[in-house]
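S.K.: mind looking at a prediction? Sequence and model below.
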Number of protein chains: 2
Amino acid sequence: MPTTATNITWHQGAVTRPEREALVGQKGVTVWLTGLSASGKSTIASALEQHLLQHGVSSYRLDGDNVRFGLNSDLGFSERDRNENIRRIAEVSKLFADASLVSITSFISPYRGDREKARKLHQLNNIPFIEVFVDAPLEVVEARDPKGLYKKARAGEIKNFTGISAPYEAPETPELHLETQNLSVNECVQAVTDYLTKQQYISASIKPVA
Amino acid sequence: MPTTATNITWHQGAVTRPEREALVGQKGVTVWLTGLSASGKSTIASALEQHLLQHGVSSYRLDGDNVRFGLNSDLGFSERDRNENIRRIAEVSKLFADASLVSITSFISPYRGDREKARKLHQLNNIPFIEVFVDAPLEVVEARDPKGLYKKARAGEIKNFTGISAPYEAPETPELHLETQNLSVNECVQAVTDYLTKQQYISASIKPVA
């Protein structure tokens, strides 16, 4: 991996991931939600986090809006900054999964290449990466427009807005494809939970969404 | 907080930190180790992580060397890059503590100002920040020199090396001060564990280090 740091060596920590997973009793994994603004990513992510925690599965949600105020507060919305935004998020999500949590990321992440890099980073570290396409047509999300952002983007008040003035490259082979105009939030959460259970990343005893 | 992102709003997640801490059964906290290269930070961090996990306390270790290969692989060792290195680590450690883990950071973090920023970031988010000064005199760490770095720094082969050609600003009022030339690794781990227990961040039932 390229690095500008030269006087460093790799430390194998005293606790390996398999040891940690055995101690914590669950497998670390990244659930990567991608989709247009207002497609339902944050709602699904929050509901999923809540559902997992209530069933004893440790999870943590990295949110596009929240991370922007902290770790990535130095980044804007140019293509270069979006690339760096997703690169850092992929690294941090990998750390959370390495800590044996279900790491849920909720970002537009519009570029296929960035998502592929995130996937490869996880593969290199033997951490499962589950790409979830949170899909709603542009006319649907534009009608929802809970923050009035599409209106502003159409008016030219926001530049580089995904779906309007910047591209969204839809996943071609996501692990899950959720069409949110046809599914309830609970159905989406259940679909993700079913997938995690089927792959034996979390315990099969987890109950269906109420 | 300054940010170059303008079209974003703050999401309060469905799960609050107190709810998560109640579900997981422990309080999130950052244990921030600081000290010269070869002072014992990584050894103590690894042993602490292992001890906590074996007693059912979820923890995760962010290591200077390891993070350098991933999240911060774009950064070098200039003062500016060191500042950015520590800024990002503070943000990520805050996220781990927010996820209600004991987040253990093991970085030289030589600048007092950077550590103070890390502390303030945690205070702003009501997350405990425990600064641990891993202290060994320069002559001791230079005699240890497990990676031969001090020798290279003295020969001018490594520039900006803390303690030789770059400053180390010792903590003035750390929560814990561990003089590693006088303490065993187990005694250091016990000191941190005792502090965490006394402050009721982790359960009092945790057993002494064997």
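M.R.: Received the coordinates, thanks.
S.K.: now residue A:84: how far from residue B:86?
M.R.: From residue A:84 across to residue B:86, the span is 18 Å (Cβ to Cβ, to the nearest Å). All C-beta spots, glycine's among them, are computed from the backbone N, C-alpha and C.
S.K.: the more surrounded of these two?
M.R.: Taking residue A:84 and residue B:86 together and counting by other Cβ atoms under 10 Å in any protein chain shown, residue B:86 has the greater number of neighbours (25 against 17).
S.K.: my guess is the more buried one contacts residue B:109. True?
M.R.: Yes: distance between residue B:86 and residue B:109: 5.4 Å, which falls inside the contact criterion (Cβ atoms under 8 Å).
S.K.: from the contact counts, what lies against the lowest-mean-pLDDT helix or strand in chain A?
M.R.: The helix or strand of chain A with the poorest confidence is helix A:64-69; it has a mean of 78 (mean pLDDT, DSSP states H and E). Using 3 or more Cβ pairs under 8 Å, 6 or more residues apart in numbering or on different chains; DSSP states H and E as the contact test, the elements touching helix A:64-69 are helix A:41-54, helix A:79-98.
S.K.: so which of those helices is the most packed in?
M.R.: Most buried of the helices and strands packed on helix A:64-69, by mean neighbour count (mean count of other Cβ atoms under 10 Å in any protein chain shown): helix A:41-54, with a mean of 23.
S.K.: and that one, how far out from the chain middle?
M.R.: For helix A:41-54, the distance between its averaged C-alpha position and the chain's averaged C-alpha position is 12 Å (Cα atoms, centre = their mean, to the nearest Å).
S.K.: which residues in chain A form helices?
M.R.: All helices of chain A, identified by DSSP state H, fall at A:17-24, A:41-54, A:64-69, A:79-98, A:112-124, A:138-144, A:149-154, A:185-198.
S.K.: need these in a markdown table (columns: distance to residue B:51).
M.R.: Putting the helices of chain A into a markdown table (distance: least, Cβ to Cβ, whole Å) gives the following:
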| stretch | distance to residue B:51 |
| --- | --- |
| helix A:17-24 | 12 |
| helix A:41-54 | 25 |
| helix A:64-69 | 31 |
| helix A:79-98 | 19 |
| helix A:112-124 | 29 |
| helix A:138-144 | 49 |
| helix A:149-154 | 48 |
| helix A:185-198 | 30 |
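S.K.: one step back: overlap in contacts of residue B:86 and residue B:109?
M.R.: Taking Cβ atoms under 8 Å, 6 or more residues apart in numbering or on different chains as the contact criterion, the residues that touch both residue B:86 and residue B:109 are B:115, B:118.
S.K.: before we move on, back to that, which one, of the helices and strands packed on helix A:64-69, ends up nearest to residue B:98?
M.R.: When the helices and strands packed on helix A:64-69 are ranked by proximity to residue B:98, the top entry is helix A:79-98, at 11.0 Å, counting by Cβ to Cβ.
S.K.: neighbours of the closest residue to residue A:109 other than its chain neighbours, how many?
M.R.: Nearest non-adjacent residue to residue A:109, counting by Cβ to Cβ, 6 or more residues apart in numbering or on different chains: residue A:34, 4.6 Å away. By other Cβ under 10 Å, the residues close to residue A:34 number 28.
S.K.: got it, and residue A:154?
M.R.: Once other Cβ under 10 Å is used to define contacts, residue A:154 is seen to have 14 neighbours.
S.K.: how close does it sit to residue A:148?
M.R.: Counting by Cβ to Cβ, the separation of residue A:154 from residue A:148 is 10 Å.
S.K.: between these two, which contacts overlap?
M.R.: Taking Cβ under 8 Å, 6+ apart as the contact rule, residue A:154 and residue A:148 touch no residue in common.
S.K.: was I right to think residue A:168 contacts residue A:110?
M.R.: Yes: counting by Cβ under 8 Å, residue A:168 does reach residue A:110; the two are 4.5 Å apart.
S.K.: pLDDT score assigned to the nearest residue to residue A:179 once chain neighbours are set aside?
M.R.: Once flanking residues are discounted, residue A:179 sits nearest to residue A:135: 5.2 Å by Cβ to Cβ, 6+ apart. According to the model's per-residue confidence, residue A:135 sits at a pLDDT of 98.
S.K.: is residue A:135 in contact with residue A:176, as I believe?
M.R.: No: with the criterion set as Cβ under 8 Å, residue A:135 and residue A:176 do not qualify as a contacting pair; they are 10.0 Å apart.
S.K.: so which of those two has more stuff around it?
M.R.: For residue A:135 against residue A:176, the residue with the higher neighbour count under other Cβ under 10 Å is residue A:135, and the figures read 22 against 17.
S.K.: could you check how far the more buried one is from chain B?
M.R.: For residue A:135, the distance to chain B (Cβ to the nearest Cβ, to the nearest Å) stands at 21 Å.
S.K.: what of residue A:150?
M.R.: Distance from residue A:150 to chain B, counting by Cβ to the nearest Cβ: 11 Å.
S.K.: list the residues that contact that residue.
M.R.: When contacts are taken as Cβ under 8 Å, 6+ apart, residue A:150 is in contact with A:37-38, A:141-142, A:161, A:163-164.
S.K.: closest to chain B among those?
M.R.: Using Cβ to the nearest Cβ, residue A:161 is the member of the contacts of residue A:150 that lies nearest chain B, at 7.5 Å.
S.K.: who touches that closest one in this structure?
M.R.: Contacts were defined as Cβ under 8 Å, 6+ apart; by that measure residue A:161 touches A:37, A:149-150, A:152-153, B:7.
S.K.: hmm, back to that, what is in contact with residue A:168 and residue A:110 at once?
M.R.: Common neighbours of residue A:168 and residue A:110 (Cβ under 8 Å, 6+ apart) are residue A:162.
S.K.: these two: which is more packed in?
M.R.: Using other Cβ under 10 Å as the criterion, residue A:168 and residue A:110 rank with residue A:110 on top: 21 against 18.
S.K.: which non-adjacent residue is nearest residue A:99?
M.R.: Sequence neighbours aside, residue B:60 is the residue nearest to residue A:99 in space, at 4.1 Å (criterion: Cβ to Cβ, 6+ apart).
S.K.: low pLDDT regions in chain A?
M.R.: A:1-13, A:65, A:204, A:210 (pLDDT under 70).
S.K.: got the end-to-end distance for stretch A:152-160?
M.R.: According to Cα to Cα, to the nearest Å, stretch A:152-160 extends 11 Å from its N-terminal end residue to its C-terminal end residue.
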